[in-house]
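# generate coordinates for the sequence data below:
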Amino acid sequence: MDSQVEEIKSKVTIHEVVGGYVQLQRAGRNFRARCPFHRERTPSFMVSPERGTYMCFGCSEHGDIFSFVQKIEGIDFPTALRQLAERAGVVLVSRGSRDYAASRNTPEVKEKEERLRDVCEAATAFFESTLAGRKDVQDYLTTRGVSAETIKTWRLGYAPASWEELCKHLLSNGFSKDDIVEAGFGVKSERKPGEVFDRFRGRIMFPIFDASSKVIAVSGRFFEKVLGAKDDSEPAKYVNSPETPLFKKSRVLYGYDRAKNAIRKLDCILLVEGQFDLILCHQSGLPFTVALSGTALTHEHLSLLSRLSKRLVLALDADAAGLRSGIKSAAMALALGFDVKVPTFLAGQDPADLARENPELLKAAVRTSKTAIEFFLDAVRGTLPAGRQGDERAYKKIVETQILPLVAALPSKIEQEHFVRIVAERLRVPEDAIRAEVAKRPALPADDVAATKDSPLQEVAPTQTPSQLERAAGLVLFHFPKTHHTHERLVVLLGDTRLQALQEKLAPDAERLRFEFESLGDDEALTGEALLEAVERAVIEEEILTVRDALRGDAGVSSELTQKLSLLKRREQELRK
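Got it, this is the predicted structure:
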């Protein structure tokens, strides 16, 4: 795998990759840009073509092409590896069952995935063309507030109300029945062995895209029944693609591919529940919106989103089921360190309704969202049975069982104290009573919130600011190879033991120090000499202090120490000239 990683790096340069997302300007041997990971006016994001690395001096983000693609796209390493391998024309070869990224990129698996992607694309194009000929469906979308531009942008379509029209179309285009079924668009017939029929019939179709904006699944909203259907029951309002080799519901968020850059730029995520909610939020000027795809919010969803922002606005359904789902989602997100808020809508309204009525009202609702704990404190009172809305004892009980776990989920004790005070004031009980109940209620089970080893949710231990000596020595240490005479002189000044300890201490800042060295000028010999002099001055200052302390404590060797002090001061004066 390491050799394949290096092969990819040799064929795809880091400034080509980074340059696809930000405007790079030449800065000596490197490139400079405004950091894509935080807001800044003065460019502090540096890219080194020689080393294949990047470093931001503003937010400390750093790494290589793989970590850059992971961060900018909000994807994991195996996905970034596959994307860059495709770009470089490198076929990844599996070296074992545990090699996840490679096993997903054997020629056979790669060919199969490409075939399924082709099925998804062909089906989406078919649905688009069908919608173009159905004015009644277009009129319905118009009544829902969907513009023609949004229909085109999101590639909405229509699945005909027939049993085999899509399957016949795909078969005529060379796809096999197995491919159609495995991609999620066909269902094997039980009555006619060997035959397949359409999974989606009489439905408005919403393509679901991966992080690279490729169609991997669909969601269909019911519009009409198949002509002559014998089943009189009401069909499901929404039917989603089943899980396939391309589509995993627990990992995919609808609209993520279009929202990720806005989320990163605005540092905010708006999470909604339905397809109409999603596209109308984007249409209304809220491009940082994503939606769930036929499943509850999962830890994998939150891990994906946390790479972009930790500020989450939950705009889920306002009914009882939506409230329960919202509380559970909020608890999970709070435990993972998200700042969670919830907008207030009028009874029975959802984001799509408000977007259709007045987009500015939707924006205002999102802008004035309450913290999740304060929102649910108000909302749970409405879940009490009719006639018991004023029952304070019943209200306190429901707060105890549903809201206090949210307070317990907060990782920060300061935040917990803040909300303990709010809950105590609302319930008119002593803060100590709330605090005691919170202490009884642990946050979510460890399995639900534990971050994996490569998860961005892990805390990073703070590093100490290096001294002037350490910084100057580090600049030399990480720029010059050990065989270089400048590095050898550094060993003479500091000694092997001290230099080894310094290398271990400064290892997390190695890339920063390399970029700092390069920013000091093009003449590396001159820069190295100046830094060595700075290290020597600092070492001499340390020795002078040591000798003075010895002179104070041991008069028996004062002559020898005085002579050494004189030599040190003379060398100090020489270095200052």
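# so for stretch 276-292, what gets flagged as buried?
For stretch 276-292, the neighbour count (16 or more other C-beta atoms under 10 Å) marks 276-284, 286-292 as buried. Placement of C-beta: from N, CA and C, glycine included.
# rounded mean pLDDT for that stretch, please.
What stretch 276-292 shows for mean pLDDT is 95.
# how about residues contacting that stretch?
Residues outside stretch 276-292 that contact it (C-beta atoms under 8 Å, 6 or more residues apart in numbering) are 144-147, 150, 154, 156, 206, 221, 253-256, 258-259, 262-263, 266, 268-275, 301, 305, 315, 350-352, 355-356, 359, 362-363, 366.
# again, but for stretch 465-478
486-487, 490, 494, 499, 502-503, 505-506, 509-510, 513-514, 516-517, 520, 528, 531-532, 534-535, 538-539, 542.
# give the buried residues for stretch 120-132.
Cys120, Glu121, Ala122, Ala123, Thr124, Ala125, Phe126, Phe127, Glu128, Thr130, Leu131.
# show me the contacts for the first one.
Residues in contact with Cys120 (C-beta under 8 Å, 6+ apart) are Ala183, Phe185, Pro207, Lys214, Val215, Ile216, Ala217, Val218, Leu246.
# show me the helices in the stretch 401-550 of the chain, by range?
Under the criterion DSSP state H, counting those that start in this stretch, the stretch 401-550 of the chain contains helices at 404-409, 413-427, 431-440, 446-449, 468-477, 485-494, 496-506, 510-519, 524-553.
# and these as a markdown table, adding distance to Glu6?
Listed next are the helices of the stretch 401-550 of the chain as a markdown table, based on distance: least, C-beta to C-beta, whole Å:
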| stretch | distance to Glu6 |
| --- | --- |
| helix 404-409 | 43 |
| helix 413-427 | 45 |
| helix 431-440 | 51 |
| helix 446-449 | 36 |
| helix 468-477 | 24 |
| helix 485-494 | 25 |
| helix 496-506 | 24 |
| helix 510-519 | 18 |
| helix 524-553 | 25 |
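# mean pLDDT for those helices: which is lowest?
When the helices of the stretch 401-550 of the chain are compared by mean pLDDT, helix 446-449 comes last with a mean of 41.
# where's Cys120 relative to Leu81, distance?
Taking C-beta to C-beta, to the nearest Å as the measure, Cys120 falls 22 Å from Leu81.
# no wait, Leu336
Taking C-beta to C-beta, one finds Leu336 at 25 Å from Leu81.
# flag the shaky bits of the stretch 151-300 of the chain, pLDDT-wise.
228-234 (pLDDT under 70).
# for it, just list every one of the helices.
165-172, 177-182, 256-266, 275-283, 299-306.
# of those, which approaches Asp391 most closely?
Each of these has some distance to Asp391 by C-beta to C-beta; the shortest is helix 275-283, at 33.6 Å.
# how about the nearest residue to Asp378, chain neighbours excluded?
Lys370 (7.9 Å; C-beta to C-beta, 6 or more residues apart in numbering).
# pairing partners for that neighbour in the sheet, please.
Val342 (DSSP bridges).
# re earlier: name the stretch among the helices of the stretch 151-300 of the chain that sits most buried.
Of all those, helix 275-283 has the most neighbours on average by mean count of other C-beta atoms under 10 Å, namely a mean of 26.
# got the angle between that helix and helix 256-266?
If you take axes from the mean of the first three to the mean of the last three C-alpha atoms, to 10 degrees, helix 275-283 sits at 40 degrees to helix 256-266.
# go ahead and measure how far helix 275-283 is from the middle of the chain.
A distance of 21 Å separates the C-alpha centroid of helix 275-283 from that of its chain, computed with C-alpha atoms, centre = their mean, to the nearest Å.
# using PDB, write out every CA atom in it.
The C-alpha trace of helix 275-283 is given here as PDB (Å, rounded to 0.1, in the frame of the first residue of the first chain):
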ATOM      1  CA  GLN A 275     -35.900  16.000   0.100                       C
ATOM      2  CA  PHE A 276     -38.300  18.900  -0.400                       C
ATOM      3  CA  ASP A 277     -37.000  20.500   2.800                       C
ATOM      4  CA  LEU A 278     -33.400  20.200   1.400                       C
ATOM      5  CA  ILE A 279     -33.800  21.600  -2.100                       C
ATOM      6  CA  LEU A 280     -36.100  24.400  -1.000                       C
ATOM      7  CA  CYS A 281     -33.600  25.400   1.800                       C
ATOM      8  CA  HIS A 282     -30.900  25.600  -0.900                       C
ATOM      9  CA  GLN A 283     -33.200  27.500  -3.200                       C
END
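# just for the stretch 1-150 of the chain, where's the confidence low?
1-2, 93-107.
# how does it look with 90?
Within the stretch 1-150 of the chain, the stretches with pLDDT under 90 are 1-13, 16, 19-23, 25-30, 34-44, 50-51, 55-63, 69-114.
# the helices in it, which residues?
Using DSSP H, counting those that start in this stretch, helices in the stretch 1-150 of the chain cover 2-11, 14-19, 65-73, 77-88, 100-103, 107-132, 135-143, 148-153.
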